[in-house]
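A.B. asks: Sequence plus the predicted model coming up.
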Amino acid sequence: MSAVQLSVFLGNEEGRLSEAAAVLAAAGINIRALTLADSEDFGVLRMIVDKPGEAAEALKNAGIAVKITEIIAVEVEDRPGGLSRVLETFRNEKINIEYMYAFVEKRGSNAVMVFRVENTADTIARLAKCGLKTLAAEDIYGI
């Protein structure tokens with residue numbers, strides 16, 4: 001069970017992040033999780049939204065560069081060592097994590113982490129074999 005995130009490429013100029021947020025707001029898009037990384041010349045805003053297709057279209061129509069990327073979301077026990085257990089499974093299964101970030105909201109009593117990996121389908125199968133729960137797209141977008 002995979003989902004998608006939007007990767008939005010923003011020049012390091014005053015107001016660009018605000019502009020992207022305003023475009024999404026005008027389109028009625030709800031941001032569920034996000035992370036922002038920057039370099040000297042540009043920033044990459046990665047986010048999970050409730051309507052990714054509509055969000056990508058709205059951003060493109062506003063002249064904002066956006067790419068849709070497949071991700072997985074894994075439930076993590078919200079207790080000391082919960083993330084360590086999940087990361088140990090990735091290590092044991094020799095799954096490389098390109099990057100990760102977390103949802104602010106919990107799913108029941110569990111936290112939710114977002115992972116970008118090379119082969120999502122294979123990773124999901126291997127994590128399931130190890131007893132880790134990945135979330136379906138509709139579950140992620142509704143958190």
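C.D. replies: Everything's here; your move.
A.B. asks: just so I have it, where are all the strands in this protein?
C.D. replies: 3-11, 31-38, 42-49, 65-77, 97-102, 110-117 (DSSP state E).
A.B. asks: Specify the stretch among those strands that is closest to residue 87.
C.D. replies: strand 97-102 (7.9 Å; Cβ to Cβ). (C-beta placed from N, C-alpha, C; glycine too.)
A.B. asks: Contacts only, for residue 50.
C.D. replies: By Cβ atoms under 8 Å, 6 or more residues apart in numbering, residue 50 lies in contact with 29, 30, 32, 141, 142.
A.B. asks: shouldn't residue 132 be in contact with residue 86?
C.D. replies: Yes: the pair residue 132 / residue 86 is scored as a contact, 6.3 Å apart, by Cβ atoms under 8 Å.
A.B. asks: Report the set of residues contacting both of those two.
C.D. replies: residue 74.
A.B. asks: Quick check: chain neighbours aside, which residue is closest to residue 71?
C.D. replies: Nearest residue to residue 71 in three dimensions, chain neighbours excluded: residue 5, at 4.9 Å (Cβ to Cβ, 6 or more residues apart in numbering).
A.B. asks: could you measure the one you found against residue 54, distance?
C.D. replies: Taking Cβ to Cβ, to the nearest Å as the measure, residue 5 falls 14 Å from residue 54.
A.B. asks: re the thing from before, can I get the strands of the chain in TSV with mean pLDDT and distance to residue 136?
C.D. replies: Output for the strands of the chain, formatted as TSV (pLDDT from 0 to 100; distance: least, Cβ to Cβ, whole Å):
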stretch	mean pLDDT	distance to residue 136
strand 3-11	93	8
strand 31-38	88	14
strand 42-49	92	13
strand 65-77	93	9
strand 97-102	91	18
strand 110-117	80	12
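A.B. asks: Take these and lay them out in a markdown table including distance to residue 21 and mean neighbour count.
C.D. replies: Below are these laid out as a markdown table (distance: least, Cβ to Cβ, whole Å; neighbours: other Cβ atoms under 10 Å):
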| stretch | distance to residue 21 | mean neighbour count |
| --- | --- | --- |
| strand 3-11 | 10 | 20 |
| strand 31-38 | 8 | 16 |
| strand 42-49 | 9 | 20 |
| strand 65-77 | 13 | 18 |
| strand 97-102 | 17 | 14 |
| strand 110-117 | 19 | 20 |
